[in-house]
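S.K.: Predicted model and sequence below, questions to follow.
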Amino acid sequence: MEATLYNIKGEKKGTVNVPESIFGVPFNADLLHTVVTSMQANARTPVAHTKDRSEVRGGGKKPWQQKGTGRARHGSSRSPIWRGGGITHGPRNERDYSVKINRQQRQKALLVALSRKWKDGEVIFVDSLEMAAPKTADAKKMIDALGKAGFKFKTNNSALIALPARHTATVKSFANMGHIAVEEVRTLNPVNVLSSKYLIIANPESAFETLGKKRVVKAEK
């Protein structure tokens, strides 16, 4: 498996051998769906919180006497049927949405996502991507150069750039571009890979070495 290797100016520099063990994994929709939804659930922070009738302030005194008024009987003005009263079955911030994900599942799901991106022609390999200084203008020139090479970057979630290691100048250069995200190769996961149209991998040889450690070990029979 071979892919075109580009430089920061969008020019073709040659080819790179793409490992089939990383970008040639058969598609598994069920596994990918399970892992992605589980990771999204684990990242969910319960914020919405309502008070039940025992937590609402006031309501200690009986609104009116039990009998003789002709009205319905009530024991507290903080009953759920009263305005300003407690909420019945409302959202609570102590709810736990976390789901356990096996390491083998998570690693294989990443390889499945990468293989799908490769099959759809949405993986771009760049020989080196390090900005000399944090300048948004330079970052925009690089994206425009790749756009002239045939890749169409739209306004929303256009690309995810995977760097071999954190490079502060490069990260800051793309910080003002809302449709471009920057991650390290070691932090790639199915959610952020699938969240962007294109995956731009810098220094492919180093990236393959890191991703190769995520291979799925088959169980012995």
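M.R.: Yep, that arrived.
S.K.: which other residues reach the longest helix along the chain?
M.R.: Ranked by number of residues, the top helix in the chain under DSSP state H is helix 103-119. Residues from elsewhere that reach helix 103-119, judged by Cβ atoms under 8 Å, 6 or more residues apart in numbering: 3, 18, 21-28, 31-32, 34-36, 39, 123, 188-190, 193-194, 199, 211, 214-217. Every residue, glycine included, has its C-beta placed from N, CA and C.
S.K.: Please indicate which of those residues are buried?
M.R.: Among the contacts of helix 103-119, those classed as buried by 16 or more other Cβ atoms under 10 Å are 3, 18, 22-23, 25, 28, 32, 35-36, 39, 123, 188-190, 193-194, 199, 211, 214, 216.
S.K.: Tell me where this structure has helices.
M.R.: According to DSSP H, the helices that the chain contains are 20-23, 29-42, 103-119, 136-148, 168-173, 190-194, 204-212.
S.K.: Show me the shaky parts of this structure.
M.R.: 155, 214-221 (pLDDT under 70).
S.K.: Please parse it into its domains.
M.R.: As recorded under automatic domain parsing, the domains making up the chain are 2-43+100-212, 45-96.
S.K.: The first one: how far from the chain's middle?
M.R.: What it means is domain 2-43+100-212. Chain-centre distance of domain 2-43+100-212: 13 Å, with Cα atoms, centre = their mean, to the nearest Å.
S.K.: Now do the end-to-end distance for it.
M.R.: 17 Å (Cα to Cα, to the nearest Å).
S.K.: Next, the angle from the longest helix of the chain to helix 204-212.
M.R.: Orientation of helix 103-119 against helix 204-212 (axes from the mean of the first three to the mean of the last three Cα atoms, to 10 degrees) gives an angle of 150 degrees.
S.K.: quick thing: my sequence starts at 827, can you match it?
M.R.: Taking 827 as the first residue, the last one we looked at is helix 929-945.
S.K.: quick revisit: now the helices of the chain in CSV, with distance to residue 910?
M.R.: CSV is the format used below for the helices of the chain (distance: least, Cβ to Cβ, whole Å):
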stretch, distance to residue 910
helix 846-849, 59
helix 855-868, 33
helix 929-945, 46
helix 962-974, 51
helix 994-999, 49
helix 1016-1020, 41
helix 1030-1038, 57
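S.K.: Stretch 986-999 spans what distance, first to last residue?
M.R.: Span of stretch 986-999 from end to end, Cα to Cα: 14 Å.
S.K.: who touches that stretch?
M.R.: Contacts of stretch 986-999 with the rest of the structure, by Cβ under 8 Å, 6+ apart, involve 955-962, 964-965, 1000, 1006-1011, 1014, 1018-1019, 1021-1022, 1024-1029, 1032-1033, 1036.
S.K.: what residue of the chain is the furthest out?
M.R.: residue 894 (62.1 Å; Cα atoms, centre = their mean).
S.K.: Residue 954 against residue 834, yeah?
M.R.: Yes. If you go by Cβ atoms under 8 Å, residue 954 and residue 834 touch, sitting 6.8 Å apart.
S.K.: Comparing those two, which shows the higher neighbour count?
M.R.: Neighbour count, other Cβ atoms under 10 Å: between residue 954 and residue 834, residue 834 has more, with 19 against 10.
S.K.: any idea how far the more buried one is from residue 1000?
M.R.: Using Cβ to Cβ, to the nearest Å, one obtains 13 Å as the distance from residue 834 to residue 1000.
S.K.: Give me the buried subset of the contacts of stretch 986-999.
M.R.: If we count by 16+ other Cβ under 10 Å, the contacts of stretch 986-999 have these buried: 955, 957, 960, 964-965, 1000, 1006-1011, 1014, 1018-1019, 1022, 1024-1029, 1033, 1036.
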